[in-house]
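Novice: missing the sequence, but the structure's below:
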């Protein structure tokens with residue numbers, strides 16, 4: 001259901017002119033333009049005031065007008081898949097692709113053939129032992145998420161929700177065998193304060209956003225904050241995967257061949273709060289992964 005700019009102005013307590021400006025700047029989530037009129041989702045939250053986002057240096061996070069209709073339809077089609085075992089096999093292949101892109105986001109070069117050998121229970125001499133542990137731990141976490149949260153024909157058994165505690169649990173699982181000494185703590189008190197602020201936003205300000213947008217915002221902010229100082233990119237990818245799976249979407253980031261383009265898009269999120277390019281790339285990859293899981297040749 002959509003409302004007009006006039007109705008949104010009354011709902012948000014601002015002028016109709018201000019609503020139109022916010023729409024044209026891409027700061028109203030899910031807005032669509034028909035000829036000269038703006039169609040605003042009835043449940044769209046009022047765009048945040050950048051003055052309240054101190055940890056973001058007064059930049060709002062923007063996605064522009066996005067239509068998730070096709071993506072929602074593809075996600076719905078996953079729930080209709082009958083062959084559970086084939087779906088699980090396809091998901092395992094997806095996990096390999098996802099781990100490769102997660103490493104690429106950290107500027108860690110891992111060859112697909114090396115990862116394939118490692119995941120077939122063989123040691124890879126050309127890979128550092130630490131990298132092999134990270135790859136094995138990441139794969140284990142992602143496969144466990146399938147059965148925790150459920151996806152497609154796989155029913156979830158438990159759904160641990162994202163929180164600071166859950167984030168630290170994921171980091172601990174990722175670093176198993178590498179950093180096992182002492183409790184998991186943030187790098188310093190400044191990081192701790194930034195993380196507290198981030199999860200206030202996550203729980204309050206972003207709760208009405210589309211789950212893909214909310215997941216991407218969380219991913220981008222974790223990359224910016226770097227809460228632990230080591231493996232933050234890998235951790236952010238695991239957090240992102242959990243958020244997507246929990247909302248019925250397959251874990252997906254970017255095509256490994258377009259890593260530089262995706263990194264450029266993420267730089268925009270940190271410098272200007274602009275997520276439009278990153279979200280468009282993500283949407284295409286989500287459609288691709290949905291098609292692969294559904295056994296389709298193309299999207």
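Specialist: In hand now; what should we look at? On a predicted model such as this, the values are computed, not experimentally measured, just so you know.
Novice: show me what the helix-or-strand element of the chain with minimal mean pLDDT is packed against.
Specialist: Least confident helix or strand, the chain: strand 32-34 with a mean of 79, by mean pLDDT, DSSP states H and E. Contacts defined by 3 or more C-beta pairs under 8 Å, 6 or more residues apart in numbering; DSSP states H and E place strand 32-34 against strand 37-41. C-beta here means a position set from N, CA and C on the backbone, and glycine is covered the same way.
Novice: what sits against residue 39?
Specialist: Shown in contact with residue 39 (C-beta atoms under 8 Å, 6 or more residues apart in numbering): 2-4, 31-33.
Novice: also residue 14?
Specialist: So residue 14 contacts residue 46 (C-beta under 8 Å, 6+ apart).
Novice: in three-state terms, label it for me.
Specialist: Here residue 14 is recorded as coil under DSSP: H, G, I helix; E, B strand; the rest coil.
Novice: what are the ranges of the helices in this structure?
Specialist: 5-12, 16-24, 69-78, 84-105, 112-118, 129-149, 164-174, 189-200, 211-225, 232-246, 259-272, 276-293 (DSSP state H).
Novice: filter the contacts of residue 39 down to the buried ones, PyMOL style.
Specialist: To isolate the buried members of the contacts of residue 39 in PyMOL, using 16 or more other C-beta atoms under 10 Å:
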select buried, resi 2+3+31
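Novice: local confidence estimate at residue 61?
Specialist: In this prediction, residue 61 carries a pLDDT score of 58.
Novice: can you list the strands that the least confident helix or strand of the chain pairs with?
Specialist: Paired strands of strand 32-34, with direction, are strand 37-41 (antiparallel) (DSSP bridges).
Novice: tell me which residues of the partner strand are tucked away?
Specialist: In strand 37-41, counting by 16+ other C-beta under 10 Å, buried: 38-41.
Novice: out of the residues you listed, which comes closest to residue 101?
Specialist: Distance to residue 101, by C-beta to C-beta, is smallest for residue 41 among those, at 30.5 Å.
Novice: what's the spacing between the closest one and residue 11?
Specialist: 11 Å (C-beta to C-beta, to the nearest Å).
Novice: could you name every residue contacting both of these two?
Specialist: What both residue 41 and residue 11 touch, as defined by C-beta under 8 Å, 6+ apart, is the set residue 3.
Novice: what's the local residue count around residue 224?
Specialist: For residue 224, the neighbour count with other C-beta atoms under 10 Å is 16.
Novice: residues in contact with it?
Specialist: Residue 224 touches 269-270, counting by C-beta under 8 Å, 6+ apart.
Novice: is residue 3 in contact with residue 42, as I believe?
Specialist: Yes: Residue 3 is within contact range of residue 42, at 5.1 Å (criterion: C-beta atoms under 8 Å).
Novice: how does the chain divide up, domain by domain?
Specialist: 1-47, 50-293 (automatic domain parsing).
Novice: next one: residue 175 from residue 240, what distance?
Specialist: For residue 175 relative to residue 240 (C-beta to C-beta), the value is 18 Å.
Novice: could you tell me the least trusted of the domains of the chain?
Specialist: Averaging pLDDT over each of the domains of the chain puts domain 1-47 lowest, since it has a mean of 82.
Novice: quick one: distance of it to the chain centre.
Specialist: Here domain 1-47 is found 25 Å from its chain centre; the criterion is C-alpha atoms, centre = their mean, to the nearest Å.
Novice: now do the end-to-end distance for it.
Specialist: End-to-end distance for domain 1-47: 18 Å, by C-alpha to C-alpha, to the nearest Å.
Novice: again with stretch 69-88
Specialist: Terminal-residue distance, stretch 69-88 (C-alpha to C-alpha): 26 Å.
Novice: quick one: buried residues of that stretch?
Specialist: 71, 74-75, 78, 81, 87-88.
Novice: and residue 35, how many neighbours does it have?
Specialist: With neighbours defined by other C-beta under 10 Å, the count for residue 35 comes to 4.
Novice: likewise the one 10 residues further on?
Specialist: When neighbours are counted by other C-beta under 10 Å, residue 45 registers 14.
Novice: who's in contact with residue 145?
Specialist: Contacts of residue 145 (C-beta under 8 Å, 6+ apart): 241-242, 245, 251.
Novice: now with 10 Å?
Specialist: By C-beta atoms under 10 Å, 6 or more residues apart in numbering, the residues touching residue 145 are 91, 95, 151, 156, 160, 170, 238, 241-242, 244-246, 251.
Novice: what do you get for residue 126?
Specialist: Contacts here follow C-beta under 10 Å, 6+ apart; on that basis residue 126 touches 110-111, 113-114, 117.
Novice: again with residue 251
Specialist: Contacts of residue 251 (C-beta under 10 Å, 6+ apart): 91, 94-95, 97-99, 101-102, 142, 145-146, 151, 215, 237-238, 240-245, 285-286, 289.
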